[in-house]
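>>> Please find the sequence and the predicted model below.
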Amino acid sequence: MTAALVVAAEETVGEKPARRARAGVFARRPGFLLASLYVAFVVAVAFRPALFTGQDPYATDPAAAMRAPSAAHLFGTDIYGRDLWSRVLHGSPLTIKATLIALVIALIAGLGLGIVSGFFGGLTDSLLMRVIDVLLAIPGLLLALSIVTALGYGTIPVAVAVGVGIVPGFARTTRAEVLRVKTLPYVEAARAGGASWTRVLLRHILPNSWGPVAVLAVLDAGVAIIAIASLSFLGFGAAPPAAEWGTLIADGRNYLVTAWWLSLLPGLFVALLVLSLNHIAKTFQEVTP
Amino acid sequence: MSLVEISGLNVGYVRHRHIQPAVTGLDLTVGQGEVVAIVGESGSGKTTTGNALIGLLPSNGRITAGSILVDGVQTARANERTLRRLRGSTIGLIPQDPMVGLNPTKRIGAQIAEAVKLRGIGGPAVPRQVLDHLAQAGVPEPELRARQYPHELSGGLRQRVLIAIALAGRPKLIIADEPTSALDVTVQKRILDHLGGLVREQGISLLIITHDLAVAADRADRVVVMRQGRKVDEGDPATILTAPREGYTRQLIAAAPRLAHHGQLQAHFDVRDEPAPDPILTLTGVGKTFAVDDPRRGRRGFNALEDVSVTVPRGRTHALVGESGCGKTTTLRIALGLESATTGSVVLDGTEISGLSWRGMRPLRRKAQLVHQDPFATLDPKFTVRQSVTEPLVSFRIGDRRSREARARDLLDQVALPAAYLDRLPAELSGGQRQRVAIARALALEPRLLLLDEPVSALDVLVQEQILRLLADLQQRLGLSYLFVSHDLSVVAEIAHTVSVMNAGRVVEQGPVAQVFSDPRSTYTRELIDAVPGRRAAA
């Protein structure tokens, strides 16, 4: 037996713990690090905006109207002399919270539909996928506009409006992954070992199929943010004087020549967030096998 | 002067800014019209050598020292233009996998014409030459085949088309990288015979890269054995086989059953004169019909199995052999209740299981377990070895945490893995180790019968031998019975007591291995036995 043990140990490959190696891969990408820090910053802002700015977003100061960016006003001031930086920060809670809720909705509904569809197949699969097809056929923003018009404005309605739009992608991706994993020998081995379908689903299929779905979630967070900003840009946003990313950009449009920062800086703030999310998603995709 | 002269070649792969050597200090020559075989396990550097020769190393491959002269041209560190002039016209390559080696969107004829045109031939001469090459490569009905797409051809035919493409450039050297390992033995034999004949006729040099010493010894004028990037042995096949200088070569010979027994397929167990123990598994008249959607004739049945009767005696190994598509895996799945039989009966340990529901079948799962072919897909990549091995116990709610842990250690000990491996993920194990874990998992419920679906065919020869020894050892200690599915007759000769030879869904011959292999009654069995490489060792 000892001799056999030695032989078995000899054929070892890849002794290095894979998890540590993977963490190292992330650390060696400065772009990924920067993107993550920025996203973490924006999320922190969304929950405690007052921590990052001492200025009141609603305090007007006619004497200091339309000031260019400076040390006192990072993003400059708007036509009523309100601090734009503070308005951008205070405008983030609704967008970020609605995005997070939309993702949760899309994840739960999408994963559920995808798993049921891929797992049971046959008629169930055909019916569910046709419903998804119909959803896919309607442009996302149009769907969101109709839902917001019907439900009124607020964090939850916006989250539902955007979440429903990104469900089909999740459902489709999950279904494809479940179909792939379902036929693998280890699933069959678990079945042969007496495992019930519930157990196989929860312990084997779900953990091995959610990787691409996670990447999609990060990617769709960017899509959701753009969608929410678009909604408020089009006027489906919070009523003045409340600030929001889309309304801030829309309000500054009339002053692009005289006060470029009014539209441009909030716009860049949002663009950078979406780019960061895309970069994070891309890195995940590259690193996970 | 030799056609290929490799001297002091070092090749490495860049990983994390370090160069990991793959080939070290290799010297190799291939003469005009000579057939040379490089033999080695995976990771021995044999494919790297072939790729370096033709300048097709992956982007992280680096030639760090040495020179490669092909027909007087230096290809080590040569630029793309020099290499392109050599490829096709001086060196032809036959890739490993015929299933992915052809462009699926182009007709066969067009793909061969590409190689013909590279020689500077144009106009009406091209189609004629294409047909010539197809015929040379042994493709029947070349006119028809030239108009077909790759998916319309079988694996063996596709390999012949790849050979035709390699020949179409009129090369001086052909590199064949595992040219037939994806094919059945009988097809493999026909293709290798044909290729061997062609190169001798046309005076082409051939470099065969293979993991199978028996194939190499049968075909080559000279055999080069590689291990961990170094050449460990070289010589003509007769010398290598009868008087190997290196311990490693001796190990390889010992692991190839037919070579070890001087070209004979010798059964390890002879049970001709012993009474058979009572059966643990009996399949009687089993048939299986799959519904196939045929666009022309609508839905119809496809008979995967017809009247198959197989018996596995207690404490023995019964093998099912045959080429791919003969129904051996379907038989095994029916025996395990993963697939239901259309007709016939399956009796497992005294209980009829055909027609049983999943729930009814469940208690019987403890008596029979399954080991899959592909060690890379048989373990859940997210499960540690501990989780994988104890999963059947958890499914059947056997024992508590502590007793399961003890059982897991016990099981790893049975398959000769150290207990420290319990916390590893499959990605941290080699192919052989994964297969050991899969066997340990199958043993967890203390089954009486193991169903093994090609358990060693994805492994290197030496690892294969270790797993076979482990299986034989477990059988003796635990009194297990095996139903062993394999396409490899030499493996079957090593492990099985009795055998059923299957062809096109039917059993064509059945009996003790010692009898069937030494005195085959059916021509099909004889054909299979003849195709097993390693005949030269008889000389």
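Perfect, I can see it now. Numbers count the residues shown, from 1 in each chain, chains lettered A, B, ... in the order given.

>>> Most proximal residue of the stretch 401-539 of chain B with respect to chain A?
residue B:416 (3.9 Å; C-beta to the nearest C-beta). Heads up, the C-betas are built off the backbone N, CA and C, glycines and all.

>>> which SS class is that residue?
Taken by DSSP: H, G, I helix; E, B strand; the rest coil, the conformation at residue B:416 corresponds to coil.

>>> Can you show me the helices along chain A?
A:2-10, A:18-27, A:30-47, A:84-90, A:92-120, A:122-137, A:140-151, A:155-182, A:185-192, A:197-199, A:206-233, A:245-252, A:261-287 (DSSP state H).

>>> what mean pLDDT does the first one have?
Predicted confidence along helix A:2-10 averages 41 (mean pLDDT).

>>> ditto for the second one
pLDDT averaged over helix A:18-27 equals 62, rounded to a whole number.

>>> coming back round to it: and the pLDDT at the residue of the stretch 401-539 of chain B closest to chain A?
86.

>>> isn't it right next to residue B:470, touching?
Yes: the criterion here is C-beta atoms under 8 Å, and residue B:416 meets it with residue B:470 at 6.4 Å.

>>> More neighbours: these two, which one.
residue B:416 (23 against 20; other C-beta atoms under 10 Å in any protein chain shown).

>>> and that one, how far is that from residue A:214?
According to C-beta to C-beta, to the nearest Å, residue B:416 stands 38 Å off from residue A:214.

>>> Kindly report the same for residue B:325.
For residue B:325, the distance to residue A:214 - C-beta to C-beta - is 39 Å.

>>> Any idea how many residues pack against residue 163?
This is for chain A. Neighbour tally, residue A:163, other C-beta under 10 Å: 28.

>>> that's the wrong chain, I meant chain B
Around residue B:163 there are 26 residues (other C-beta under 10 Å).

>>> For burial, what's the neighbour tally of the nearest residue to residue A:174 once chain neighbours are set aside?
Counting by C-beta to C-beta, 6 or more residues apart in numbering or on different chains, residue A:174 lies nearest to residue A:114, which is 2.5 Å off, once chain neighbours are set aside. Neighbour count for residue A:114, taken as other C-beta under 10 Å: 28.

>>> Run through the residues that contact residue A:114.
Shown in contact with residue A:114 (C-beta atoms under 8 Å, 6 or more residues apart in numbering or on different chains): A:170, A:171, A:172, A:173, A:174, A:175, A:177, A:178, A:213.

>>> Leaving out sequence neighbours, find the closest residue to residue B:226.
Residue B:226 sits nearest to residue B:40 (C-beta to C-beta, 6+ apart), 3.8 Å away.

>>> Might you report the residue contacts of the one you found?
B:46, B:211, B:225, B:226, B:227.

>>> how about the helices of the stretch 151-300 of chain B, start to end?
B:155-168, B:185-202, B:213-219, B:237-242, B:247-255, B:257-260 (DSSP state H, counting those that start in this stretch).

>>> now these in TSV, with distance to residue B:482?
Compiled in TSV, the helices of the stretch 151-300 of chain B are given as follows (distance: least, C-beta to C-beta, whole Å):
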stretch	distance to residue B:482
helix B:155-168	28
helix B:185-202	21
helix B:213-219	24
helix B:237-242	31
helix B:247-255	20
helix B:257-260	17
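
>>> Turn the ones you listed into JSON lines, columns for distance to residue B:401 and mean pLDDT.
Below are the helices of the stretch 151-300 of chain B laid out as JSON lines (distance: least, C-beta to C-beta, whole Å; pLDDT from 0 to 100):
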{"stretch": "helix B:155-168", "distance to residue B:401": "49", "mean pLDDT": "85"}
{"stretch": "helix B:185-202", "distance to residue B:401": "48", "mean pLDDT": "82"}
{"stretch": "helix B:213-219", "distance to residue B:401": "47", "mean pLDDT": "83"}
{"stretch": "helix B:237-242", "distance to residue B:401": "54", "mean pLDDT": "82"}
{"stretch": "helix B:247-255", "distance to residue B:401": "41", "mean pLDDT": "83"}
{"stretch": "helix B:257-260", "distance to residue B:401": "44", "mean pLDDT": "66"}
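
>>> which one of these lies closest to residue B:464?
Closest approach to residue B:464 among the helices of the stretch 151-300 of chain B is made by helix B:247-255 (6.8 Å; C-beta to C-beta).

>>> Give me every residue in the stretch 301-450 of chain B that's in contact range of chain A.
Residues of the stretch 301-450 of chain B lying near chain A by C-beta under 8 Å from any C-beta of the partner chain: B:336, B:338, B:362, B:365-366, B:369-370, B:372-374, B:377-383, B:391-392, B:395-396, B:413, B:416-418, B:425, B:427-430, B:432-433, B:436, B:438, B:441-442, B:444-445.

>>> May I see the PyMOL selection of the buried members of those?
Only the buried entries of those go into this PyMOL selection, using 16 or more other C-beta atoms under 10 Å in any protein chain shown:
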select buried, chain B and resi 336+362+365+366+369+370+372+373+374+377+378+379+380+382+383+391+392+395+396+416+417+425+428+429+430+432+433+436+438+441+442+444+445
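
>>> Select from the residues of the stretch 301-450 of chain B next to chain A every entry located in strands.
B:369, B:370 (DSSP state E).

>>> which residues touch residue B:426?
B:376, B:379, B:380, B:381, B:383, B:385, B:388, B:434, B:437.

>>> Now the closest residue to it other than its chain neighbours. Its backbone dihedrals?
Leaving aside its sequence neighbours, residue B:426 sits nearest to residue B:379 (C-beta to C-beta, 6+ apart; 4.2 Å). In terms of degrees, to the nearest 10, the main-chain angles of residue B:379 are phi -110, psi 140.

>>> Could you list the domains of chain B?
B:93-170, B:264-367+B:448-539, B:381-446 (automatic domain parsing).

>>> one step back: tell me the two of the contacts of residue B:426 that are most distant?
Pairwise distances across the contacts of residue B:426 peak at 14.7 Å for B:376 and B:385 (criterion: C-beta to C-beta).

>>> neighbour-wise, which of the two wins?
residue B:385 (28 against 15).

>>> Smallest gap between the stretch 201-350 of chain B and chain A, at which residue?
Counting by C-beta to the nearest C-beta, the stretch 201-350 of chain B gets nearest to chain A through residue B:336 (6.3 Å).

>>> so that residue touches residue B:451, yeah?
Yes: Residue B:336 is within contact range of residue B:451, at 5.5 Å (criterion: C-beta under 8 Å).

>>> Need the overlap of contacts for those two.
Counting by C-beta under 8 Å, 6+ apart, the residues touching both residue B:336 and residue B:451 are B:368, B:370.

>>> rewinding a little: in strands, which of the contacts of residue B:40 fall?
Going by DSSP E, the strands hold B:225, B:226, B:227 from the contacts of residue B:40.

>>> List the single closest residue to the spatially most central residue of chain A in space, sequence neighbours excluded.
Central residue of chain A (C-alpha atoms, centre = their mean): residue A:221, 1.6 Å from the mean position. Closest residue to residue A:221 apart from its sequence neighbours, by C-beta to C-beta, 6+ apart: residue A:277 at 5.1 Å.
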